[in-house]
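Peer 1: Model the structure of this input:
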Amino acid sequence: MNIIELKDKQNITSDDKLSKLYTQFGALLIELKKKELTENIAGAINQAVEEINASTLTENELKKLVKKKQTALLKQIEKELKIVPKNYYQTLWMLFGFSGFGIPIGVAFGLAMGNLGLLGIGLPIGMGVGVIAGLLLDKKAIKEGRQLDVVIKY
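Peer 2: The predicted structure follows:
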């Protein structure tokens, strides 16, 4: 099944953020065309592209629609095919490390020192652990050919 092309919209050039988001979504589609996709995924991609192409929304509403569709597609692709964009795991694990490791380390350190004001010391430690774990998973995804050559930024 072929993936539908994203049509150029004339009214997005005035909004820099929307223009970048729209271009990013187009780059994502180009990368997805290079992968072997299931009928289910290809159908979901085409449905999202058709909805965006047919949309008469402008500026913030269009930006929300594109973000929503892009996020939903990335979640579905990651879940079903284990294909991820660049730095996907690094971003995910940085947040997890910050909250899952950093806060407990900070609390333990603060309690050990008798000063909970030192709670913040654990946050960068946890974030660093998360970034390293994410980098390792991103490298594994590259080796296995599961990484798209596109960086997703919101």
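Peer 1: From now on I want contacts and neighbour counts done on CA atoms only, so please keep to that.
Peer 2: Fine.
Peer 1: residues making contact with stretch 111-129?
Peer 2: Here stretch 111-129 makes contact (CA atoms under 8 Å, 6 or more residues apart in numbering) with 94-107, 109-110.
Peer 1: Where do the strands of this protein begin and end?
Peer 2: Per DSSP state E, the chain carries strands over the ranges 84-86, 147-151.
Peer 1: now the first one: mean pLDDT?
Peer 2: Okay, so that is strand 84-86. The average pLDDT for strand 84-86 rounds to 95.
Peer 1: List the neighbouring strands of that strand plus their orientation.
Peer 2: Here strand 84-86 has these sheet partners by DSSP bridges: strand 147-151 (parallel).
Peer 1: Pull the strand it pairs with out as CSV, backbone CA atoms only.
Peer 2: Provided in CSV are the C-alpha atoms of strand 147-151 (Å, rounded to 0.1, in the frame of the first residue of the first chain):
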residue,chain,number,x,y,z
GLN,A,147,15.5,3.9,13.7
LEU,A,148,14.1,6.6,11.3
ASP,A,149,16.4,9.2,10.1
VAL,A,150,14.3,12.1,11.5
VAL,A,151,14.4,13.9,14.8
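Peer 1: residues of that strand that come out buried?
Peer 2: Residues of strand 147-151 classed as buried under the neighbour-count rule (16 or more other CA atoms under 10 Å) are 147-148, 150.
Peer 1: of the residues you listed, closest to residue 57?
Peer 2: Ranked by distance to residue 57 (CA to CA), the buried residues of strand 147-151 are led by residue 150 at 25.6 Å.
Peer 1: Distance of the closest one relative to residue 112?
Peer 2: In this structure, residue 150 and residue 112 are 44 Å apart, going by CA to CA, to the nearest Å.
Peer 1: what about the helices in this structure?
Peer 2: Under the criterion DSSP state H, the chain contains helices at 16-33, 39-54, 59-81, 88-96, 103-113, 122-143.
Peer 1: Out of those, which is closest to residue 9?
Peer 2: Closest to residue 9 of the helices of the chain, according to CA to CA: helix 39-54, at 8.3 Å.
Peer 1: could you redo the strands of the chain as TSV and give each row distance to residue 133?
Peer 2: Compiled in TSV, those are given as follows (distance: least, CA to CA, whole Å):
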stretch	distance to residue 133
strand 84-86	15
strand 147-151	16
